[in-house]
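**Q** 3D, please:
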Amino acid sequence: IISGVDFTIYRELTGGIYFGEKKLNEKGTIASDLCEYSEKEISRIAHLAFKAAKNRRKKVTLVDKANVLESSRLWRKVVTRIGESYPEIELDFLFVDNAAMQMILNPSQFDVILTNNMFGDIISDEASVITGSIGLLASASVGAENAMFEPIHGS
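**A** Numbering: from 1, shown residues only. Predicted structure coming up:
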């Protein structure tokens, strides 16, 4: 277990590639999965992340792939705009591949990580092993009316 590491991940859970349109051609040789997000979906989780950061070390890191994905560029635009409403919170950005590496090299640099569904799925599993064992940490999926709690890797 690494001393001085305390971060939380805010992962959008209701949109993105897991819920997008799936296609497979008739021959079964070409497939695609649509990754679609609305400003409303991004805003909902972004406000939660910024509010959490107010009670922590006051830093939000958006993890995306804005160098190649249009959906990530929308995330950056929306999160940057929302960040202006939280001037006391530092906002930075990491591409998901770099974020995965930084979690291993220097996990104490993170406070609140904000990301989409697929990237959050991957990096939350990676983050769970920093404690020494997948499944040791709790995960909360919180909605407007209901919440579900489970080990960090799901159940």
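**Q** mind checking pLDDT for the closest residue to Phe7 other than its chain neighbours?
**A** Distances taken as C-beta to C-beta, 6 or more residues apart in numbering put Phe110 closest to Phe7, at 3.8 Å, once the chain neighbours are dropped. Placement of C-beta: from N, CA and C, glycine included. Looking at Phe110, its pLDDT is 97.
**Q** For Phe110, list the residues it contacts.
**A** Counting by C-beta atoms under 8 Å, 6 or more residues apart in numbering, Phe110 touches 7, 59, 61, 102-103.
**Q** which residue is nearest the centroid of this structure?
**A** By C-alpha atoms, centre = their mean, the chain has its centre lying nearest to Thr115, at 2.3 Å.
**Q** Leaving out chain neighbours, which residue sits closest to it?
**A** Leaving aside its chain neighbours, Thr115 sits nearest to Val63 (4.1 Å; criterion: C-beta to C-beta, 6+ apart).
**Q** Show me what counts as buried in the lengthiest helix in the chain.
**A** Ranked by residue count under DSSP state H, the longest helix found in the chain is helix 39-54. Neighbour-count burial for helix 39-54, counted by 16 or more other C-beta atoms under 10 Å, picks out 41-42, 45-46, 49-50, 52-53.
**Q** Ok, stretch 53-64 next?
**A** Across stretch 53-64, burial judged by 16+ other C-beta under 10 Å covers 53, 59-64.
**Q** swap in stretch 82-90?
**A** Those would be 82-83, 86, 89, for stretch 82-90 by 16+ other C-beta under 10 Å.
**Q** again, but for stretch 26-40
**A** Quick answer for stretch 26-40 (16+ other C-beta under 10 Å): 35, 37.
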